[in-house]
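[1] fold the following for me, if possible:
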Amino acid sequence: MARGFTCLLVAIAAGLSLAQPVARACSIVGFSNYVDDPTLQGIDQTAPVLVAPPAVSVNRGQGPRQNGCSQSVTSCDGLGSVIIGVAVSDDQTPAAKIGYRLWLIEGSPPSGLVLPVEPIVPGLVGQIVLAWDDGKSDDQEPVDFTLGLAALDAAGNQGPVTDVRVQDPGSSGACAIARRVPRSLSPGMAALAALLLVGACARRRSRATP
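    Numbering: from 1, shown residues only. The predicted model follows:
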């Protein structure tokens, strides 16, 4: 019963989402090219090491979101990103100057995600951000690939290689239709879409009930 009520509320929201979208901007912090310091070569011979396994989070593109009676959109709704959290220890190089090499070991990254060919220095200390155009949709395909990662100190010493598994199950669902009802629909068509959504949710609920 609770799930049916939830679907009804979502459907009503779909019928009311006729106002102009509320736009919000966003920004992405990328990375710069790594450059070693020749004056440190021969002086610093200790390679950096990861003090903990990398932490991976994946963000996917999404369709417009309901914000009261309007839809909320941002300039980054279609952006997908992989954020790799890294904690590195080095005897002489500060964390802000640690570089990283990344390469593909197995699997296939999402179309549009281009791995850096040369070593990089993250724009945020301890966070490597890789981004791609994932599409402004709530229906996203699964992602599963493995990267090799190695840290570099300012002298060019490379630490041990670590495997980084990047996984995301993707997303889909009938009730997600409500977030993608075109804003150009007339009130009558929007109401019809809402009623169709109620039916889809009801059928989905009946199949899930033993």
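
[2] domain map for this protein?
    In the assignment given by automatic domain parsing, the structural domains of the chain cover 1-17+181-210, 29-174.

[3] for the chain, which segments count as helices?
    Applying DSSP state H to the chain gives helices spanning 2-16, 187-208.

[4] show the average pLDDT along the first one.
    Right, helix 2-16. Confidence for helix 2-16, expressed as mean pLDDT, is 40.

[5] ok, now the last one?
    Mean pLDDT, helix 187-208: 44.

[6] next: stretch 44-56.
    Stretch 44-56 shows a mean pLDDT of 96.

[7] then stretch 65-84?
    Averaged over stretch 65-84, pLDDT sits at 80.

[8] next, the distance between the ends of that stretch.
    Start and end residues of stretch 65-84 are separated by 26 Å (CA to CA, to the nearest Å).

[9] buried residues, it. List them.
    Within stretch 65-84, the residues that count as buried by 16 or more other CB atoms under 10 Å are 65-66, 70-71, 73-74, 76-84. Placement of C-beta: from N, CA and C, glycine included.

[10] try stretch 147-156
    Of the residues in stretch 147-156, those buried (16+ other CB under 10 Å) are Leu147, Leu149, Ala150, Ala151, Leu152, Asp153, Ala154, Ala155, Gly156.

[11] would JSON lines of those with distance to Asp90 and pLDDT be doable?
    JSON lines is the format used below for the buried residues of stretch 147-156 (distance: CB to CB, whole Å; pLDDT from 0 to 100):
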{"residue": "Leu147", "distance to Asp90": "21", "pLDDT": "98"}
{"residue": "Leu149", "distance to Asp90": "15", "pLDDT": "98"}
{"residue": "Ala150", "distance to Asp90": "13", "pLDDT": "98"}
{"residue": "Ala151", "distance to Asp90": "8", "pLDDT": "98"}
{"residue": "Leu152", "distance to Asp90": "9", "pLDDT": "98"}
{"residue": "Asp153", "distance to Asp90": "5", "pLDDT": "97"}
{"residue": "Ala154", "distance to Asp90": "8", "pLDDT": "96"}
{"residue": "Ala155", "distance to Asp90": "9", "pLDDT": "96"}
{"residue": "Gly156", "distance to Asp90": "12", "pLDDT": "96"}
